[in-house]
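>>> when you get a sec, could you give me coordinates for this:
(chains A and B)
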Amino acid sequence: MTNLELQELIGNWEFNLEFSEEESQFLNIHVPAEHLHNFMFRFKSDPETQFDYLFCLSGVDWGEKLGVVYHLESTTKRHMAVVKVATEDRENPTFETVYDIWATSEFHEREVFDFFGITFSNHPNLKRLFLTEDWIGYPLRKDYEDETNMILY
Amino acid sequence: METEVVHTNFKSEEYFINMGPQHPATHGVLRLLLTIDGEIIKKVEPDLGYIHRSIEKMCERDSYQQIVHLTDRMDYLSANINNEAVCLAVENALQLEIPERVKVIRTIIGELTRISSHCLWWGVMGMDVGALTTYFYGFRDREMINDIMEETCGARLTMNYNVPGGLMLDIHPNFVKRVKEFVAHFKTKLPEYDRLLTGNVIFQKRTVGVGVLSKEDAISFGASGPVGRASGYSCDVRKHHPYSAYDKVTFTEALKTEGDTYARYLVRIQEMWESLSIIEQLIDVIPEGEHRVTTNAVIKLPKGEYYQKVETARGELGVYIISTGTKNPYRLKFRSPGFSNLSLLNHIAVGGKIGDLVATMATLDLVIPDIDR
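A predicted model of the protein is given here:
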């Protein structure tokens, strides 16, 4: 399925999706945070889309917004897409977990929590993955400063 | 007359045990927190971060040429393929036309790297289940590849041979001869691997039916590489998203359906045969031409997002670059195969014994710096 066909197909779904294809090889689908889980569930289970393989889950700090980027592929139909979700709340960024849809995201979401401080509601075991429990701050955020350990130039 | 002794003082209780971070079977500083009832595993919880260097954060301050050097330090056994991933991402973003010579050499070097990695894996796999001889056999053959690499680019482990735009140096005049010698040598040695370990009764008892992963779970847990393919999940990036010269060679994707430790073992053995075949197809037809196209000294990627996936010896490595048009990436994420493959360890280890966990981990082929990026 081409990006355009995919956009036409899921454009009818009632999740207030926005699309962009600029500056990327994939179709970028922007999902409002409140619809994330429902959309993802349908995105995987709908026979037309069947995005059953979550191959990359990344946290991103866009400056004003914090968000998560999901790279998805269908192992049966072999099409790919990118789903993005973002929030302006930097104090308490929260999204719903998708670990019940793709089991691998249990680990990936813990990594995002560790480095970006984004929490995932309903996650079974959300705690620091790489850093120690008493670490202060979230290192991959753009406003993170650690004068002792970071080499900046 | 015998009577059955009933112990009333002892109850079956679950308890915790630490496996690692210094444990010979974890091949690196991975700590597993095991919940055990007797010798039956109830839960495996990996504790990570002992060698985390935050390569992704470092990338945000480095130039694209410098980033290539950092990738060696992730999965150091697939160093060349990691380098290639970043180079391909940068080249695609710049829409550089890469000479055919570079593509073919990269493919040959990549397959040599895969064989070298699998040789090491095969050696330590045998060692993990108690067959120490394999270790010496594997390292003997791997040594020839290390020598080829040393002659080609001066390094044996962290090669840094790829640069955005091509290769750092042209191949050594001896390269073709040496590679042919290795292929001829290894073709006589691979059957030896089978005779020594594959058909061994003890080895089969340790591996057949152990750590079974179904195809659905493999996809859901994001398994890739030999781990996914042993469960019947066709996930070879070289087949589905060909890069470099993989669209010009014919090879079979090693697939098994059993999904157990033994199947993962057989997939890797078959992959070594396929790699030999790929090298043979290319070694005589390396095109003439430049080994590198010149790029700007300061590489600035156009604003946008770029994703490149390659097949390392462990599975699918992804490089996700967000560029704002400056000389550093705004965000760079490595999707490492080991990280996703580790996430399924708990799923396949529960219900087995500690000894089974060692065999299972051996065929997940974890490289810890790849997980702790």
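>>> from now on I want contacts and neighbour counts done on CA atoms only, so please keep to that.
Noted.
>>> low-confidence ranges in chain B?
Low-confidence segments of chain B (pLDDT under 70): B:1-12.
>>> and residue B:117, what does it touch?
Residues near residue B:117 by C-alpha atoms under 8 Å, 6 or more residues apart in numbering or on different chains: B:77-78, B:313.
>>> that one in helix, strand or coil?
helix (DSSP: H, G, I helix; E, B strand; the rest coil).
>>> I'd say residue B:82 and residue B:69 touch.
No. At 9.4 Å, residue B:82 and residue B:69 do not qualify as touching, with contact defined as C-alpha atoms under 8 Å.
>>> can you pick out the residue with more neighbours from these two?
residue B:82 (31 against 20; other C-alpha atoms under 10 Å in any protein chain shown).
>>> and the strands in chain A?
Under the criterion DSSP state E, chain A contains strands at A:18-20, A:28-30, A:53-61, A:66-73, A:80-87, A:94-96, A:119-121.
>>> ok, which of those comes nearest residue A:139?
Residue A:139 lies closest to strand A:53-61 among the strands of chain A, at 10.8 Å (C-alpha to C-alpha).
>>> adjacent strands (with direction) for the closest one?
Note on strand A:53-61: by DSSP bridges, its sheet partners are strand A:66-73 (antiparallel).
>>> other residues contacting the longest helix seen in chain A?
Criterion DSSP state H: the longest helix present in chain A is helix A:105-116. If you take C-alpha under 8 Å, 6+ apart as the criterion, helix A:105-116 is touched by A:54, A:57-61, A:97-99, A:118-120, A:123-131, A:138-141, B:221, B:340, B:343.
>>> okay, now the unreliable bits of chain A?
For chain A, the ranges with pLDDT under 70 are A:149-153.
>>> which parts of it sit against chain B?
By C-alpha under 8 Å from any C-alpha of the partner chain, the residues of chain A that approach chain B are A:22-25, A:52-58, A:60, A:101-107, A:129-131, A:139-140, A:152-153.
>>> just the helices in the stretch 251-373 of chain B please.
Using DSSP state H, counting those that start in this stretch, the helices of the stretch 251-373 of chain B run over B:261-283, B:337-343, B:345-349, B:354-364, B:368-371.
>>> and those helices as a markdown table, adding distance to residue B:141?
Shown next, in a markdown table, are the helices of the stretch 251-373 of chain B (distance: least, C-alpha to C-alpha, whole Å):
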| stretch | distance to residue B:141 |
| --- | --- |
| helix B:261-283 | 12 |
| helix B:337-343 | 24 |
| helix B:345-349 | 30 |
| helix B:354-364 | 20 |
| helix B:368-371 | 23 |
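>>> figure out which of these is closest to residue B:211.
Closest to residue B:211 of those is helix B:345-349 (C-alpha to C-alpha; 4.9 Å).
>>> now do the SS call for residue B:18.
Residue B:18 ends up strand, using three-state DSSP.
>>> still on that earlier bit, of the helices of the stretch 251-373 of chain B, which is nearest chain A?
helix B:337-343 (6.2 Å; C-alpha to the nearest C-alpha).
>>> any part of that closest one near chain A?
Yes. Contact of helix B:337-343 with chain A (C-alpha under 8 Å from any C-alpha) involves B:340, B:343.
>>> pull out the buried positions in that helix.
B:337-343 (16 or more other C-alpha atoms under 10 Å in any protein chain shown).
>>> got the contact list for that helix?
A:104, A:106-107, B:221-225, B:227, B:314-317, B:364-368, B:370-371.
>>> give the contact list for the closest residue to residue B:315 other than its chain neighbours.
In space, and not counting its chain neighbours, residue B:315 is closest to residue B:225: 3.4 Å by C-alpha to C-alpha, 6 or more residues apart in numbering or on different chains. Residue B:225 sits next to B:235-236, B:311-316, B:337 when contact means C-alpha under 8 Å, 6+ apart.
>>> same deal with residue B:252?
Contacts for residue B:252 (C-alpha under 8 Å, 6+ apart) come out as residue B:274.
>>> derive a PyMOL selection command for the buried subset of the contacts of residue B:117.
The PyMOL selection below is limited to those of these classed as buried (16+ other C-alpha under 10 Å):
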select buried, chain B and resi 77+78+313
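>>> so which of the contacts of residue B:117 is the closest to chain A?
residue B:313 (16.9 Å).
>>> isn't residue B:331 up against residue B:324?
No. Counting by C-alpha under 8 Å, residue B:331 stays clear of residue B:324, with 9.3 Å between them.
>>> which one's more surrounded, those two?
The neighbour count for residue B:331 versus residue B:324, taken as other C-alpha under 10 Å, is higher for residue B:331 (23 against 16).
>>> any idea how far the more buried one lies from chain A?
7 Å (C-alpha to the nearest C-alpha, to the nearest Å).
>>> now that residue, nearest residue through space, not along the chain?
In space, residue B:331 is closest to residue B:322, 5.2 Å off (C-alpha to C-alpha, 6+ apart).
>>> okay, and the beta partners of the one you found?
Listed by DSSP bridges, the beta-bridge partners for residue B:322 are residue B:305, residue B:331.
>>> ok, it - contacts?
Residue B:322 touches B:303-306, B:329-332, counting by C-alpha under 8 Å, 6+ apart.
>>> recalculate using a threshold of 10 Å.
By C-alpha atoms under 10 Å, 6 or more residues apart in numbering or on different chains, residue B:322 lies in contact with A:23-24, A:60, B:301-307, B:328-333.
>>> and those, which are buried?
Buried members of those, counted by 16+ other C-alpha under 10 Å: A:24, A:60, B:301-307, B:328-333.
>>> could you pull up the contacting residues of residue A:53?
A:44, A:71-76, A:78, A:80, A:101-104, B:216, B:218-223.
>>> out of those, list just those in helices.
Mapping the contacts of residue A:53 onto helices (DSSP H) picks out A:44, B:216, B:218-220.
>>> filter those to the buried ones?
A:44, B:218-220.
>>> show me what from the stretch 51-200 of chain B comes close to chain A.
When proximity is defined by C-alpha under 10 Å from any C-alpha of the partner chain, the stretch 51-200 of chain B lies next to chain A at B:51-52, B:54, B:56-58, B:60-62, B:93.
>>> can you pick the most crowded of these?
residue B:93 (22 neighbours).
>>> what's the nearest residue to the residue nearest the centre of chain B if we skip its chain neighbours?
Centroid-nearest residue in chain B, with C-alpha atoms, centre = their mean: residue B:314, separated by 2.4 Å. Leaving out its chain neighbours, the residue that sits closest to residue B:314 by C-alpha to C-alpha, 6+ apart is residue B:225, at 5.4 Å.
>>> just the buried ones from the contacts of helix A:105-116, in ChimeraX syntax?
Buried residues among the contacts of helix A:105-116 (16+ other C-alpha under 10 Å), as a ChimeraX selection:
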select /A:54,57,58,59,60,61,97,98,99,118,119,120,123,126,127,128,129,130,131,138,139,140,141 /B:221,340,343
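>>> as CSV, the buried residues of helix B:337-343 with distance to residue B:354 would be great.
Below are the buried residues of helix B:337-343 laid out as CSV (distance: C-alpha to C-alpha, whole Å):
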residue, distance to residue B:354
B:337, 24
B:338, 21
B:339, 21
B:340, 22
B:341, 19
B:342, 16
B:343, 18
